[in-house]
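Chemist: here is a sequence together with a model predicted from it:
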Amino acid sequence: MLLAMVLAAAGSAAALPFDKYSLNREDLPKEAQEMLTTHFPKAKVSMIKVDRHLLKKTDYDVKLVNGTKIEFNNKGKWTSVDCKKRAVPETLLKKSMTRHVAKKHPGSKIVRIKKIAAGFEVGLSSGETLRFNHLGSHTSTTAPE
């Protein structure tokens, strides 16, 4: 009997629609809306995925018409920005990051950034991955694969 109840609960939970797709910026937390307005003022949204997790809080995936993908946590703070071949807006980066890339990796631009526990991981147009601490100081470089 207990097994039947557990299976029934699991089956009904799997049938619940956890994800929602939208084009409306109003479906994002206020902080995420402000981030888009500040750092991507002219960009048009092609899709917002409101990702509801069963045991975890909601997160948000935003795709812009130009191909840029931005992920936000449940509070609306960005966790990663992937601009594909375009440069990440400098307003999202610490000045020390842009100075380091200009000095040590001339000709490359930062095309993605991700917040990690130790700070930030950035991807360059050259394929290299750099890590910076929370203050923006360079800590390591990984060559392209």
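Modeler: All right, it came through fine.
Chemist: C-alpha only now, for contacts and for neighbours.
Modeler: Will do.
Chemist: tell me the bridge partners for K49.
Modeler: Y21, D61 (DSSP bridges).
Chemist: list the contacts for it?
Modeler: D19, K20, Y21, S22, Y60, D61, V62 (C-alpha atoms under 8 Å, 6 or more residues apart in numbering).
Chemist: again, 10 Å this time
Modeler: 19-23, 27-28, 59-63, 71 (C-alpha atoms under 10 Å, 6 or more residues apart in numbering).
Chemist: let me have those residues in a markdown table, extended by pLDDT, distance to I113 and neighbour count.
Modeler: Output for these, formatted as a markdown table (pLDDT from 0 to 100; distance: C-alpha to C-alpha, whole Å; neighbours: other C-alpha atoms under 10 Å):
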| residue | pLDDT | distance to I113 | neighbour count |
| --- | --- | --- | --- |
| D19 | 74 | 25 | 13 |
| K20 | 81 | 25 | 12 |
| Y21 | 84 | 24 | 14 |
| S22 | 83 | 24 | 15 |
| L23 | 80 | 24 | 15 |
| D27 | 89 | 24 | 16 |
| L28 | 93 | 20 | 22 |
| D59 | 92 | 17 | 22 |
| Y60 | 94 | 16 | 26 |
| D61 | 96 | 15 | 19 |
| V62 | 97 | 15 | 25 |
| K63 | 97 | 15 | 21 |
| E71 | 97 | 11 | 20 |
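Chemist: R86 touches R112, doesn't it?
Modeler: Yes: if you go by C-alpha atoms under 10 Å, R86 and R112 touch, sitting 8.8 Å apart.
Chemist: shared neighbours of those two, anything?
Modeler: Shared contacts of R86 and R112 (C-alpha under 10 Å, 6+ apart): T68, S125.
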